[in-house]
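Asks: sequence and predicted model, in that order:
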Amino acid sequence: MELTNNAKRMLRAMRADPERTWDLDAILEATDWSDQAHVAGAGGGLDEAGMVVISEQRTNLWSLGPEGEAAAESGLLEARVWEWLSARDEGSRGMRDLQASEAASKQEAGISVGLLKDVGVPLVNGSFSVPGNTAAIEATIEMRTEFISALEAGSIAEADLDGGLLDHFRGRKGLVDSEERVARTWRLTARGIAIDDEELEEILHVAEITPDLLQGEEWRTADFKPYDVDLPAPTPVGGRAHPMQALIERIRAIFLEMGFSEIDGDFVQSAGWNMDALFIPQDHPAREMQDTFYLDEPESIELAAERVAQWADVHESGGGTGSTGWGSGFSEETAGKGLLRTHTTVNTIRYLADKPNEPCRVFGIGRVFRKESIDRTHLPEFHQIEGIIMEPEASLPMLVTTLKTFYEKMGYPEVRVRPAYFPYTEPSMEVEVKWRGEWLELGGSGIFRPEVTEPLGCKWPVCAWGMGLERLAMLVLGLDDIRQLYLSELDWLSRQPIL
Ligand code: PHE
């Protein structure tokens, strides 16, 4: 067993006088320590190593109790009453006189009766009867008083006190108190005596490497504390982006890296651009008040007459796209209604309307609004990741590959698509990602229908998709409840991974 430096030092000190029994003070002096905890620690180690034996002596240490302190200050009750009695004649040593005097309080006067009887002054017919010879009485009171003043100077071991007097005072309430003290002594064993001096050389233990240490020579023989990389350490928490913002940045980086440019748009839109331009029939249930936030301000938005005519044509009869349209009448008023955009596809279609003849790859990440009741998987405000590819060779396989590539870069390599329906795409697909063994639906996609692109003058196929950002965030952060994302709980936020 390796001895500590302190144990070595204590052992060296004791070996200067191998046969001695050492008490605490002797060891403190010999080791030049001022802290007795060193002796206890080093002595314990030496005991375990079989180099010293420890003996313990338990002693009771006596000191004054609260009543004892009072007696030390103003005299023991029996001494005070005796002094009073001694100064008076026989006829005026009655209990009443004592009670009326300053020598004792009323209560003390009562107690003093027993005490005085005990020293040889009984109360007879209400009066203290003082004997002729008072020498013994005075001697007893004197001894008791001395006992108290001796303790006043400091506590005294039981062995050094008069046993009879101690017994007496123990029987009186609050006069003396005791406390057990353990005194230890240390003695070398044969093993402690025999050990080689060489083994008692102190070694420098290094827990921290400092420039000072390296400048000296001592480190060469030092013992280096191993560095434990498994020890728990505090996690530093600093300011950083909200996980949603961090996720948006990551998605943005992926699309930019894949050669896409970013587009943006307003929250407030007309039903015309949000729906009619996308060939969503005017009686489509998603357009109802209970699904869409229509606005009072602006209640309606002015639209270019040419645009309205175009949508009316397509909706009513197909507008020369080869489609028959929805057949029913088209309301300009319905198209003009102001609303909060229900999907980011409105950005895409407006972009295409602006630049129908430039091949493009664009994406956008934006907030959308729907009248959803809030629950574990729904929020009335959420974000979509939207994008299109328009070019001569744009095709369904290209669309699938693009989505797969995106999710793969996000860390979800298993992606599948399933047939779906949207009024503005044909074919239409649902995109699903495998997470914890389950297929989760993350968004919609497809090739824009001719009813959508032809009136704008687009010449090439357009691959389009729109996916939920919060759903993806749930996967990335491992959440069961979408609401957690917007609770702003600092504790939760600080525990989120860096994305
Ligand atoms: N706009 C659709 C939605 O909100 C998603 C989508 C976008 C579908 C583009 C097809 C093409 O769910």
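Replies: Received the coordinates, thanks.

Asks: so which strand or helix has residue 426?
Replies: Mapping residue 426 onto the secondary structure by DSSP states H and E places it in strand 425-435.

Asks: what's the next secondary structure element after that strand?
Replies: strand 438-448.

Asks: what about residue 460, neighbour count?
Replies: Using other CB atoms under 10 Å, residue 460 has 16 neighbouring residues. All C-beta atoms are positioned from the backbone trio N, CA, C, and that covers glycine.

Asks: got it, and the one 10 residues further on?
Replies: For residue 470, the tally of surrounding residues (other CB under 10 Å) stands at 20.

Asks: how about the nearest residue to it, chain neighbours excluded?
Replies: residue 382 (4.8 Å; CB to CB, 6 or more residues apart in numbering).

Asks: repeat that for residue 430.
Replies: Distances taken as CB to CB, 6+ apart place residue 420 nearest to residue 430, at 4.1 Å, with adjacent residues excluded.

Asks: do any residues in the strand holding residue 426 lie close to the ligand?
Replies: Yes. Strand 425-435 lies in contact with the ligand when judged by CB under 6 Å from any ligand atom; the contacting residues are residue 425.

Asks: partner strands of that strand and their direction?
Replies: According to DSSP bridges, the neighbouring strands of strand 425-435, each with its direction, are strand 415-420 (antiparallel), strand 438-448 (antiparallel).

Asks: quick one: closest of those strands to residue 353.
Replies: Closest to residue 353 of these is strand 438-448 (CB to CB; 12.0 Å).

Asks: does the ligand sit close to the closest one?
Replies: Yes. Contact of strand 438-448 with the ligand is found when judged by CB under 6 Å from any ligand atom, involving 443-446.

Asks: from those residues, pick the one nearest the ligand.
Replies: Minimum separation from the ligand among these (CB to the nearest ligand atom) is found for residue 444, which lies at 3.1 Å.

Asks: correct me, but the closest one touches residue 430?
Replies: Yes. Checked against CB atoms under 8 Å, the pair residue 444 and residue 430 is within contact range at 6.0 Å.

Asks: need the overlap of contacts for the two.
Replies: Residues touching both residue 444 and residue 430 by CB atoms under 8 Å, 6 or more residues apart in numbering: residue 420.

Asks: and these two? which has more neighbours close in?
Replies: The residue with more neighbours, out of residue 444 and residue 430 and counting by other CB under 10 Å, is residue 444; that gives 23 against 18.

Asks: show me what that one is bridged to.
Replies: Listed beta-bridge partners, residue 444: residue 430, residue 466 (assigned using DSSP bridges).

Asks: circling back to that earlier point, please indicate which of the residues of strand 438-448 next to the ligand are buried?
Replies: With burial judged by 16 or more other CB atoms under 10 Å, the buried subset of these is 443-446.

Asks: need the strands paired with strand 425-435 in JSON lines (columns: mean pLDDT).
Replies: As requested, the strands paired with strand 425-435 are arranged in JSON lines below (pLDDT from 0 to 100):
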{"stretch": "strand 415-420", "mean pLDDT": "96"}
{"stretch": "strand 438-448", "mean pLDDT": "95"}
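
Asks: so what's the residue lying closest to residue 205 once chain neighbours are set aside scoring on pLDDT?
Replies: Ranked by CB to CB, 6+ apart and with sequence neighbours excluded, the top spatial neighbour of residue 205 is residue 223, at 5.1 Å. We note a pLDDT of 86 for residue 223 in this prediction.

Asks: renumber starting at 40 from here on
Replies: Sure, I'll start numbering at 40, so the last one becomes residue 262.

Asks: let me see the contact set for residue 262.
Replies: By CB under 8 Å, 6+ apart, the contact list for residue 262 reads 242-245.

Asks: measure it to the ligand for me?
Replies: 67 Å (CB to the nearest ligand atom, to the nearest Å).

Asks: and for residue 474?
Replies: As for residue 474, its distance to the ligand is 19 Å (criterion: CB to the nearest ligand atom).

Asks: ok, that residue touching residue 452?
Replies: No. Using CB under 8 Å, residue 474 is not in contact with residue 452; the gap is 11.2 Å.

Asks: between the two, who's got more neighbours?
Replies: With other CB under 10 Å as the criterion, residue 474 and residue 452 differ in neighbour count, and residue 474 comes out ahead with 17 against 11.

Asks: how about the more buried one: what's its closest non-neighbour residue?
Replies: On the basis of CB to CB, 6+ apart, the spatially nearest residue to residue 474 that is not a chain neighbour turns out to be residue 514, at 5.0 Å.

Asks: sec struct for the residue located most distally from the centre of the chain, please.
Replies: In the chain, the residue that sits farthest from the middle, by CA atoms, centre = their mean, is residue 171; the gap is 82.0 Å. Following DSSP: H, G, I helix; E, B strand; the rest coil, the label given to residue 171 is coil.

Asks: how much space between it and residue 237?
Replies: 81 Å (CB to CB, to the nearest Å).

Asks: count of neighbours near residue 172?
Replies: Residue crowding around residue 172 was assessed by other CB under 10 Å; the count is 9.

Asks: distance of it relative to residue 205?
Replies: When CB to CB is the yardstick, residue 172 and residue 205 sit 27 Å from each other.

Asks: could you do residue 496 as well?
Replies: Counting by CB to CB, the separation of residue 496 from residue 205 is 116 Å.

Asks: tell me which of those two has more neighbours.
Replies: residue 205 (18 against 11).

Asks: distance check, the more buried one against the ligand.
Replies: 95 Å.

Asks: equivalent analysis for residue 90, please.
Replies: According to CB to the nearest ligand atom, residue 90 stands 81 Å off from the ligand.

Asks: mind checking the SS state of residue 503?
Replies: Under three-state DSSP, residue 503 falls in the strand class.

Asks: run a quick neighbour tally on the residue of the stretch 240-389 of the chain found nearest the ligand.
Replies: Taking CB to the nearest ligand atom, the ligand has its nearest neighbour within the stretch 240-389 of the chain at residue 382, 3.5 Å off. Around residue 382 there are 20 other residues, counting by other CB under 10 Å.

Asks: ok, it - contacts?
Replies: Contacts for residue 382 (CB under 8 Å, 6+ apart) come out as 313, 407, 423, 425, 505.

Asks: near the ligand, which of those show up?
Replies: The overlap between the contacts of residue 382 and the neighbours of the ligand (CB under 6 Å from any ligand atom) comes to residue 505.

Asks: what about the chain, any weak spots by pLDDT?
Replies: Confidence mapping of the chain against pLDDT under 70 gives the ranges 40.

Asks: ok, residue 378 touching residue 331?
Replies: Yes. With contact defined as CB under 8 Å, residue 378 and residue 331 form a contacting pair (5.5 Å).
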